[in-house]
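Peer 1: I would like to see how this sequence folds:
(chains A, B, C and D)
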There are 2 protein chains.
Amino acid sequence: MDKRTKLIETAKRLFSENGFYGTATARIAREAGVSNGILFHYFPTKDLLIKAMYFDVKDRLFDYSVGQVYKGATLKESIYTLWLAAVEFNLENANDFEFIRQFETSPYYRTETELEHRYVQLCLELIDKGIEEGQFKQIPPMLIFKSMSAQVETTVRFLKMNNMVLDNVEFTHRLFEMAWDSLAK
Amino acid sequence: MDKRTKLIETAKRLFSENGFYGTATARIAREAGVSNGILFHYFPTKDLLIKAMYFDVKDRLFDYSVGQVYKGATLKESIYTLWLAAVEFNLENANDFEFIRQFETSPYYRTETELEHRYVQLCLELIDKGIEEGQFKQIPPMLIFKSMSAQVETTVRFLKMNNMVLDNVEFTHRLFEMAWDSLAK
DNA sequence: TTAGAAACTGACTAATCAGTCAAACAAAAA
DNA sequence: TTTTTGTTTGACTGATTAGTCAGTTTCTAA
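Peer 2: Residues are numbered from 1 along each chain as shown, chains lettered A, B, ... in the order given. This next block holds a predicted model:
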């Protein structure tokens, strides 16, 4: 692993344990096994490090999700696939999950930032399709997207809090139906 | 307004603008119009100030909500009343809303803290009733509570982002139905 | 070989911050 | 009045931090 990646991974772990301000840049460098100076070589400021990490996570979530959505699938199947991929990704990448949670409630986060990302674009396309086809309630697409994201987060938090994994298919479906029913007509 | 209250109000505003770590205690005192020392007289540490603020908000949310739930109401009416009260409270108290959002994603927050509060108890009682009566899905009560809370937050964020208020009853109902449908059988 | 660029180091600094403390002040009790 | 108790002040401190920089090593390509 190159030093840039090593720094991002270490920062993600420390941030998710101690928060952005609770983690000194010097500590990130030390625990990543590199010099203090090299952190500022790759990321001129701490803020830029944090923003770079945000895009790193969103990119990986996109790569993880997009391959799983098949063209022939129904709308509900596609939404289920995206929902499940997001829940799995967040369960498997605990530090990413915590980092994003903190980022999106911090002053760093601006909606424009998120909007530009292709992951969000992918989701919004599906939602638009669902509204056109009359399968979704008459609600603004962005609200549907935000609601779905919140449901994913709630689900992941709940599973983690109870040390659960998605091994029970029947229960997994029941969790998804919660999210689906809030959007579907 | 006494100095203790003045400190809490000022801190809430500054925290919601700049975050916990982005706000120096000295600045809170200065903008509250009191000396630096008096802050530490009322709140021995910054952490204790933050925790005191959390309970202050939850207490006020409880007071705002509890008076509106009537004994004779149906379950759905009661849930609607609580949902609406929470949305209204968060819209009217923007700094409280931002503060709680930050607090609950920070290392300060532990679930035990929340569980002890009578506001949560009030909600869980209603949810238990809904499960007993078979009106809710077969889902753990705590997940229903968390899901409902997340829906409130999403709704408030959406309304604020679009500079909207709850003046359109029909639209308000549609927003509530989103939350309700995810829980109801 | 060599020149120049890029990666890398770690000691250093200027600024910031949470929390302290000795002293002043106010209010009420003795 | 005197004493006691609690409130308030703001200058101060020790610790911490983001970011710098002068210099070294490693890579690349001519």
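
Peer 1: Now do stretch A:65-83: distance to the chain's middle.
Peer 2: Remark: stretch A:65-83 is offset 17 Å from the chain centroid, using C-alpha atoms, centre = their mean, to the nearest Å.

Peer 1: Kindly export it (C-alpha atoms) in PDB.
Peer 2: Once non-C-alpha atoms are left out, stretch A:65-83 reads as follows in PDB (Å, rounded to 0.1, in the frame of the first residue of the first chain):
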ATOM      1  CA  SER A  65     -22.900  -1.100  -6.000                       C
ATOM      2  CA  VAL A  66     -23.000  -0.500  -9.800                       C
ATOM      3  CA  GLY A  67     -21.900  -3.900 -10.900                       C
ATOM      4  CA  GLN A  68     -24.800  -5.600  -9.100                       C
ATOM      5  CA  VAL A  69     -27.700  -3.800 -10.800                       C
ATOM      6  CA  TYR A  70     -28.800  -5.700 -13.900                       C
ATOM      7  CA  LYS A  71     -30.600  -4.200 -16.800                       C
ATOM      8  CA  GLY A  72     -33.400  -6.800 -16.900                       C
ATOM      9  CA  ALA A  73     -34.400  -6.300 -13.200                       C
ATOM     10  CA  THR A  74     -37.600  -4.800 -12.100                       C
ATOM     11  CA  LEU A  75     -37.600  -1.400 -10.400                       C
ATOM     12  CA  LYS A  76     -38.100  -3.000  -7.000                       C
ATOM     13  CA  GLU A  77     -35.400  -5.500  -7.600                       C
ATOM     14  CA  SER A  78     -33.000  -2.800  -8.600                       C
ATOM     15  CA  ILE A  79     -33.800  -0.700  -5.600                       C
ATOM     16  CA  TYR A  80     -33.400  -3.800  -3.400                       C
ATOM     17  CA  THR A  81     -30.000  -4.500  -4.900                       C
ATOM     18  CA  LEU A  82     -28.800  -0.900  -4.300                       C
ATOM     19  CA  TRP A  83     -30.200  -1.000  -0.700                       C
END
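
Peer 1: near chain B, anything from it?
Peer 2: No: contact of stretch A:65-83 with chain B (C-beta under 8 Å from any C-beta of the partner chain) is absent, the minimum separation being 12.8 Å. Placement of C-beta: from N, CA and C, glycine included.

Peer 1: What distance do you get for A:Y119 to DNA strand D?
Peer 2: Noted for A:Y119: a distance of 27 Å to DNA strand D, by C-beta to the nearest atom of the strand, to the nearest Å.

Peer 1: residues contacting the residue nearest to A:D56 when sequence neighbours are not counted?
Peer 2: In space, and not counting its chain neighbours, A:D56 is closest to A:I8: 5.9 Å by C-beta to C-beta, 6 or more residues apart in numbering or on different chains. The contact partners of A:I8, by C-beta atoms under 8 Å, 6 or more residues apart in numbering or on different chains, come to A:49, A:52-53, A:56.

Peer 1: what's the spacing between A:I8 and chain B?
Peer 2: Using C-beta to the nearest C-beta, to the nearest Å, A:I8 is found at 20 Å from chain B.

Peer 1: Can you tell me which residues in chain A are near DNA strand C?
Peer 2: Within reach of DNA strand C by C-beta under 7 Å from any atom of the strand, chain A has these residues: A:2-4, A:26, A:34-38, A:41.

Peer 1: 6 Å instead?
Peer 2: Within chain A, the residues that sit near DNA strand C (C-beta under 6 Å from any atom of the strand) are A:3, A:34-38, A:41.

Peer 1: Out of those, who's the most crowded?
Peer 2: For these, neighbours were counted using other C-beta atoms under 10 Å in any protein chain shown, and A:V34 has the most, 18 neighbours in all.
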